[in-house]
Every structure is written in structure tokens, then in C-alpha cells.
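Engineer: From the sequence below, what's the structure:
(2 chains)
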Number of protein chains: 2
Amino acid sequence: MPCVEILAVGTELLLGQLVDTNSAYIAKSLADGGIDVYGEITVGDNRERIAAAMRGALDRADGVITSGGLGPTIDDLTKEAACDALGLEADLDEESLRDIEDAFAKLGRVMRENNRKQAYLPRGAHVLRNGVGTAPGFIAFRGDGKFIASMPGVPREMKPMMQEQLLPWLRDHFSVHQAVHTRTLHTVNLAESEIDHRIDDLFRNLSNPKIAVLAHGRLCDVKIMAKAQSDQEARDLIASVEADVLRRLSGHVYGVDEQTLPGAIHALLQQSCRTVGLAESCTGGSIAAALTSVPGSSKSFMGGVVAYDNCVKTEVLGVQQSTLDRAGAVSEETSIEMARGVCERLGADIGVATTGIAGPSGGTPEKPVGLVWIAIAHADKRRAVKFEFLGDRAAIQERATIAALALLWRTLQE
Amino acid sequence: MPCVEILAVGTELLLGQLVDTNSAYIAKSLADGGIDVYGEITVGDNRERIAAAMRGALDRADGVITSGGLGPTIDDLTKEAACDALGLEADLDEESLRDIEDAFAKLGRVMRENNRKQAYLPRGAHVLRNGVGTAPGFIAFRGDGKFIASMPGVPREMKPMMQEQLLPWLRDHFSVHQAVHTRTLHTVNLAESEIDHRIDDLFRNLSNPKIAVLAHGRLCDVKIMAKAQSDQEARDLIASVEADVLRRLSGHVYGVDEQTLPGAIHALLQQSCRTVGLAESCTGGSIAAALTSVPGSSKSFMGGVVAYDNCVKTEVLGVQQSTLDRAGAVSEETSIEMARGVCERLGADIGVATTGIAGPSGGTPEKPVGLVWIAIAHADKRRAVKFEFLGDRAAIQERATIAALALLWRTLQE
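Structural biologist: Below is the predicted model of the structure:
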């Protein structure tokens, strides 16, 4: 079995100022791609130590995959260390220089000499182009064929480079033809213990495909993983189990693999040719941000009103002042008037409204911090649901956002 | 300087199923406690590999601190590996056995034989008692005085053990009596390379306090870290350098330590008794979500309109249909009318508007994906700035959000 080590570079990691999420991402991509990871190492921004870690890793494994230390500053030393570890000089890569110049031109910013340094790569290296930032990655080789593959540390730059360039290269380099296939079913409104209860026997008895449950609050994922000689065989293994799992979790699975809850909502909206509008108070724009994260969301998302001040609730959304006086801003009545108001105001088919107390202040014995009303209005129907969320301000805002999306998804399914 | 390495044990880490947050926590505790970390390693649940990693780390450093692999199951092998690496036998520790028996009695669960195994510790080890779970930690010694300190992997058990037992022991063992202090200056609108250019000499020449630059896109942090005999002395060391750094980065530092950019904006708004309203198109509610993440933001944030559909721009914000027809939705004119419109509509003192093409579709040669206009209107002034952001939809939305917050912050300072 081919195997590699993962090396994270950065003094900020050794100081605990930053949690290293890159190594887990790279490890997971390799596992999904059928490549074993022997170990992971983290070193600071020190040329000798980085080079020593690379040499040690190359003794144990077939290659090293690094993230971090490719920036333009004086403490970015991964490339220099890779040259030391492999006994190579660095050459100017003209194509990378043009990429960097283009990026600066597009940003309208002055390119300094230290950015030019980023275009120097170990001699004979295979370039991993960076479509997002300025630092190119590379794969450089030792005489015996072992390699160092280096990627930038910014996750947004590293992730596409890993998926689109490095992983395909690694599978090809190692001739990994065993197919590994994974399907992830995304559920909403089921506790991890409830999922456990429903699929416990599959969890215990199956080994290929294997099942795993990953919880993220109200959203839980069920992973089904299979290995086989061919991709089709692996897919078939999964399909038989997937149907069973779907049946047991019926009504709670909003999507598979890359599908997101906002994405599933847009798909249902487009199927039924309906549009949605939002009236957010305590969620402060988070539901709108979630819905607009989906490409093409402008087809079914009209817009939203973040009605933080009460005068926005009355002036823009048409909530009655008498309702605010009688029931208060955080109430069933106000949430319903907000949902109806946004439908009328924006000409949307469905209106979703939130109003609550995110804290840390503003709570009372009758209306404590964490109390949130979520309302949905469509056609001549309206419903409002009361929630009491635990946690700090950020947790309450996030939980209310997910609850509102879940309620909208369920409404669209009815 | 005494220095240690950190070793995380667990196959789930090498598969990327779990992000290792323990190592960052341990690293930060050590940094705050004045102990240097030479490197971090992660290995799977394999006795030989764990022992080899421990031996390698003890060659380089004065001690190894491990987390994980102390549980009762067959793949918990850290203790066995530590015995191998140190050439020690394991003895039953009566006190630990009683702790485990008590824990099971308290939980009302049956104690199994494999839990008894947890009470065996390397001969002569100093016990780190576990007040939360069943696995005791330990500090075991090699003939030359170097040590392996092992803690459980469950963060809830590891953290108090680190703070209350291991860290005090380490500071005592290494006779570390010095104080460590850190200040973080948060900057906006300065590229990492530009900061480097401005403080390069400090970066090169200073060793105490030390300076580090951490980039997160348009937001860069400059950390100043000092060690001294007393806390006051460490603070004084920082103060002298901080004034110099602030002068060099003048006009770009929005806050220190826990301050966030939205928090700095709210502080400036409240100082000047002004309110803000948002008109977001391409940022889709993200600016509102950022501003409402701050406790007490309702004092200066009126609300916002997410004007995704053009009819929301005209109907709610009062953008002229003729402006949309002539200049288009993504234009200087439209952005300014949106910013003015939201001021009027919500009664806010300052209006901020975004309109752009987040992609992936919708771009043209004249108006490519990534083009974003950001406008600010206040009193009778208005300004609009054009940006061309790189990256995918999420990156463009995030960069536009930060750029809008940065522009608002700068406007409030004028």
C-alpha cells in the first residue's frame, strides 16, 4: 500500500493560536482516495526543522504533503526547506509569475519583490496552479522517486488544489485503482441518539459498506462507505444499504453528498415555481446569507428584510403598532405579521419570519434569552412555532437559523 | 530553553474523521506557561509507531506530551508504547484502581476487566488523576530525566488535567518562573506583504518581544509576544513596541485582542450616536449577520434590506427603474441609490449598499464574476468603490462582506 505523511507548517500552530484543520481535510481526502496516511507532523517556521521533518517523513513514507509556508513573507520557508530536503535549486517558473502578476493586476494592488519570490519553485517540479490566491503549489522529487507536494495554508486555496490537482495526481502516481465510494445522507430534526436507535443493527453488523453517524447539532450525517474492485461494484454495495437507511429515516433526509439544506430548499422552490421572502429579526440576516450561498438562488429568493429596529417592523413590513404594544416584538402574533408582511411587500409566495431574544441581555422571566418564534406564511395559511434555544448569542442565532430552514424545508415538502 | 513535543494518538485523526483540537489547546497552554513547543506529531493506534514517534520526539526535545489512547479498549495503546519507549514495566496503581472503581459505582455501571487495565501505569510514574473520566494520566521517566506525559483524548478530561496538574508540574520541573504576555493588533486593508514591508526590521531584529503576522485575507493580525520575570515587565516590553507598530500601521488597526471589526464599527457608531442601515444584493445578508453578531448591536443597527430581486431594489429601496435600465443592477449609480434609499426607508444615518456578481454564472466581459460595487451614503455625502474579487461564490461573498465592513469602519473614522 502506498502511504504518505502530512506536514503542517506554521509557528502559529505550535503556539496554539490556530487549530490545524488542513491536516484533517487532507487526511480525509486521501482516505476517500484510497491512500494511507502514516502520520502527521507540525513544525514551526524554521527552515532547518521543516527540512528535518521532511527528511524524516520521506524515510518512513513514499511522499510528504505539506500545507502552509508558501506566502510572500520572510517566515514562509516551506519551499526553501523542500529544496534543502531534496537537494534541489529553485528556478523561476514563468507561468506562475504571470499568474501572480495577473492576480495583482486584477486586484489593482502593487506587486512587491517578495511576491516575485513565490514564483520560484524547486527545479523540475510539477506546478499546482492556484486559481484563488497568489501562492502556487508544487510537487518536487528526490532521486529515488519519493516526493514532497506543497500547498498553501489558506484553506480556500488549499482545498480546490487538493481535490482538482493533487489527489488525481496521487491516485495516478500510486496506481490506486481500488474504488472507494462514500455516500452521505444529510438529516434534519433527528437527534444522534434517535438515529442510533433506528440503525443500530446496521451499524453493528455491516463491515463493507460501513456506516458512521456524524452529528452537527440538529443536522446529522449518516455516512455509508464501500470499497470494491470497481466503482460500480462499490456503488452497488452502497445502494442496497442506502435504500434501507432512507426508509428508516424517512421524512428527515433532505439531501445526499454535496446537497445542503439551503440547496434542497431552492430545489423544492424551483420544482413548484414558488418564491420566498424573509423577515429576520433575531437571526439578523443569517437565513438570507444561507439561502444566497446557493448558486442560482436569485431564481427563487426574492430578498429579505432584517427588521432589527421595531420601526422597520412597522414601516417596512407593516406589522401593526398595536400588535407590538399588546403582544411584544417577540411573540407569535408579531412573527406571523412579519411573515405575511414580507410576502406582500416583496411579492413572494412564501414568507419566513424570525423574532427572538439572542442575548446576552434583553431576557425576562416570561421571555428568556433563547426564546424564538419562527413563522411561515404561504397562500392563506400561516403557522408559527415557538423554540427555546440554549447557548450563547452565536449559538442561539445559528440554531434559530437552522430551525427556520428546517421548518421551511418541511413546509415545502407538504 | 526547555522544550517539548506534542503527540496526538488516534487512527480517526489520520483518517480525517476528527479535527485534532487537543494539540492546539496543549500548545496554547504551554505557550502561555512559557514552555516552547518544538513540534507536533499525530500517529494512529499502532503500538510500534507510537513508540517510534515517542523515541524520535525524545531525541529532539526534553519531553513528550501525549493525548489519546488511554481508554479501556484494545486499540488504546499509548501506555504500552510509553513503556516500550522508556524501557519500563507497568505496575498496578492502587489509588488509580480505587478512582476507577469509584467512578463506576457513581455511574451505577458494571466495571469490566478492561477498565482494570487502565489502572496499570509505567513503573515509577507520577499519576495525573482524572476527576472527570476513568483514564488516569501519568508522567513517566527515562534514565536521563526526559519524560513522557500522557493524558486522555477526551477534551473534557484532558483540559482540567492539563491546567490543574500537568502545566504546574512542567513549570516547576523546568523552573519556569517567567511571565508570558501577548497583544494582538487587528488590521484591515493591508496585504500581508505590505505589513511585512512596513515592520520588516522589527520582525527581523526583535527577539523579546517577538512579532508574528497572521493573515486572514484582508484582515491581518500582528501579534506581539513578550516574556519577562513579571507580568508587568512583559506588558511594558510589549507597550514600547506596540506604539511603534501602531504608528507604522496607522489608520489600519481597528482593534486589539478580542475586538472584532463589527464590534469596532458598533463602538464608533455609538460614540457618534449614529445608526446604520444596509442594502445588500450580492452579499445576501452576510453584512447584517456580521453586524448583528455583536451583543447590543440593536442600539446602532436599524436593519437591512436584502434586495436580491430587482423589484425589491425599486419597490423597497426606491432605486429608479431608469437607473437599472441605463446602468444595470451592478453599477455605481445603482449602488448609490440603494445606499441612499436604505437611509431614507429605515431612517438610518448611514447607508451601506452592495451590488455585484457573485457567480458562478451571470458574468459578462464588461461585468465579470467578482465585480462588486460598494456604496456608502451619509448626510449629503456618498461614495462608491469598485472591487474585482477573485475566487468562488463563497469567497466573493465573504470578501465583499469584509470590504464593506472595512469601508464603513474607515468612513466612521473620518
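Engineer: now the stretch 101-250 of chain A, which segments are flagged as low pLDDT?
Structural biologist: Low-confidence segments of the stretch 101-250 of chain A (pLDDT under 70): A:217.
Engineer: Just the strands from it, written as ranges.
Structural biologist: Counting by DSSP state E, counting those that start in this stretch, the stretch 101-250 of chain A has strands at residues A:120-122, A:126-128, A:137-141, A:147-151, A:179-188, A:210-216, A:219-228.
Engineer: Now render these as JSON lines, adding distance to residue B:39.
Structural biologist: To be clear about C-beta, it is placed using only N, CA and C from the backbone, and glycine gets the same treatment. Compiled in JSON lines, those are given as follows (distance: least, CB to CB, whole Å):
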{"stretch": "strand A:120-122", "distance to residue B:39": "23"}
{"stretch": "strand A:126-128", "distance to residue B:39": "25"}
{"stretch": "strand A:137-141", "distance to residue B:39": "22"}
{"stretch": "strand A:147-151", "distance to residue B:39": "17"}
{"stretch": "strand A:179-188", "distance to residue B:39": "31"}
{"stretch": "strand A:210-216", "distance to residue B:39": "29"}
{"stretch": "strand A:219-228", "distance to residue B:39": "32"}
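Engineer: Identify whichever of these lies nearest to chain B.
Structural biologist: Closest to chain B of these, according to CB to the nearest CB: strand A:210-216, at 7.4 Å.
Engineer: Could I get the buried residue list for that closest one?
Structural biologist: Residues of strand A:210-216 classed as buried by neighbour count (16 or more other CB atoms under 10 Å in any protein chain shown): A:211, A:213.
Engineer: Save the strands of the stretch 101-250 of chain A as TSV, and put in distance to chain B too.
Structural biologist: Output for those, formatted as TSV (distance: least, CB to the nearest CB, whole Å):
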stretch	distance to chain B
strand A:120-122	15
strand A:126-128	17
strand A:137-141	16
strand A:147-151	15
strand A:179-188	12
strand A:210-216	7
strand A:219-228	9
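Engineer: OK, contacts around residue A:33?
Structural biologist: Residues near residue A:33 by CB atoms under 8 Å, 6 or more residues apart in numbering or on different chains: A:167, A:170-171, A:176, A:180.
Engineer: of those residues, closest to chain B?
Structural biologist: After measuring those against chain B - CB to the nearest CB - the closest member comes out as residue A:180, at 11.7 Å.
Engineer: Now that residue A:290 has come up, it's in contact with residue A:264, right?
Structural biologist: No. If you go by CB atoms under 8 Å, residue A:290 and residue A:264 don't touch, sitting 11.6 Å apart.
Engineer: Between the two, which has more neighbouring residues?
Structural biologist: For residue A:290 versus residue A:264, neighbours defined as other CB atoms under 10 Å in any protein chain shown are more numerous around residue A:290 (25 against 22).
Engineer: What is the helix or strand where the more buried one lies packed up against?
Structural biologist: Assigned by DSSP states H and E, residue A:290 falls within helix A:286-291. Applying 3 or more CB pairs under 8 Å, 6 or more residues apart in numbering or on different chains; DSSP states H and E, one finds that helix A:286-291 contacts helix A:261-271, strand A:276-280, strand A:301-307, helix A:393-413, helix B:286-291.
Engineer: Go again with 6 Å.
Structural biologist: In terms of contacts (3 or more CB pairs under 6 Å, 6 or more residues apart in numbering or on different chains; DSSP states H and E), helix A:286-291 is packed against strand A:276-280, helix A:393-413, helix B:286-291.
Engineer: can you dump the C-alpha coordinates of the longest one into CSV?
Structural biologist: Output in CSV follows, covering the C-alpha atoms of helix A:393-413 (Å, rounded to 0.1, in the frame of the first residue of the first chain):
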residue,chain,number,x,y,z
ARG,A,393,-25.7,34.6,21.3
ALA,A,394,-23.9,32.9,18.4
ALA,A,395,-25.3,29.5,19.2
ILE,A,396,-28.9,30.9,19.5
GLN,A,397,-28.6,32.7,16.2
GLU,A,398,-27.2,29.7,14.5
ARG,A,399,-29.8,27.3,16.0
ALA,A,400,-32.6,29.6,15.1
THR,A,401,-31.3,29.9,11.5
ILE,A,402,-31.2,26.1,11.1
ALA,A,403,-34.6,25.7,12.7
ALA,A,404,-36.1,28.2,10.3
LEU,A,405,-34.5,26.5,7.3
ALA,A,406,-35.7,23.1,8.6
LEU,A,407,-39.3,24.4,9.0
LEU,A,408,-39.2,25.9,5.5
TRP,A,409,-38.0,22.6,4.1
ARG,A,410,-40.7,20.7,5.8
THR,A,411,-43.4,23.2,4.7
LEU,A,412,-42.2,22.8,1.1
GLN,A,413,-42.5,19.0,1.3
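Engineer: ok, back up a step: go through the contacts of residue A:33 and name the one nearest residue A:56.
Structural biologist: If you rank the contacts of residue A:33 by distance to residue A:56 using CB to CB, residue A:170 comes first, at 20.3 Å.
Engineer: What are the buried residues along stretch A:148-163?
Structural biologist: By 16+ other CB under 10 Å, the buried positions in stretch A:148-163 come out as A:148-154, A:156-162.
Engineer: typed the wrong thing, it's stretch A:86-97
Structural biologist: Buried residues in stretch A:86-97, counted by 16+ other CB under 10 Å: A:86, A:88, A:90, A:93, A:96-97.
Engineer: Restricted to buried residues, select the contacts of residue A:33 in PyMOL.
Structural biologist: In PyMOL, this line selects whichever of the contacts of residue A:33 come out buried by 16+ other CB under 10 Å:
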select buried, chain A and resi 167+170+171+176+180
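Engineer: Farthest-apart pair in the contacts of residue A:33, please.
Structural biologist: A:170 and A:180 (13.1 Å).
Engineer: related to what we said a few turns ago, can you put the buried residues of stretch A:86-97 in JSON lines and add secondary structure?
Structural biologist: Putting the buried residues of stretch A:86-97 into JSON lines (DSSP: H, G, I helix; E, B strand; the rest coil) gives the following:
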{"residue": "A:86", "secondary structure": "helix"}
{"residue": "A:88", "secondary structure": "coil"}
{"residue": "A:90", "secondary structure": "strand"}
{"residue": "A:93", "secondary structure": "coil"}
{"residue": "A:96", "secondary structure": "helix"}
{"residue": "A:97", "secondary structure": "helix"}
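Engineer: Out of these, which are close to chain B?
Structural biologist: With CB under 6 Å from any CB of the partner chain as the criterion, the buried residues of stretch A:86-97 include none near chain B.
Engineer: ok, now which ones touch residue A:356?
Structural biologist: Going by CB atoms under 6 Å, 6 or more residues apart in numbering or on different chains, residue A:356 touches A:282, A:330, A:371-372.
Engineer: gap between residue A:200 and residue A:125?
Structural biologist: Residue A:200 is 50 Å from residue A:125, where distance means CB to CB, to the nearest Å.
Engineer: Mind checking which of the two has more residues around it?
Structural biologist: Neighbour count, other CB under 10 Å: between residue A:200 and residue A:125, residue A:125 has more, with 25 against 10.
Engineer: now for the helices and strands packed on helix A:286-291, which one comes closest to residue B:358?
Structural biologist: helix B:286-291 (10.4 Å).
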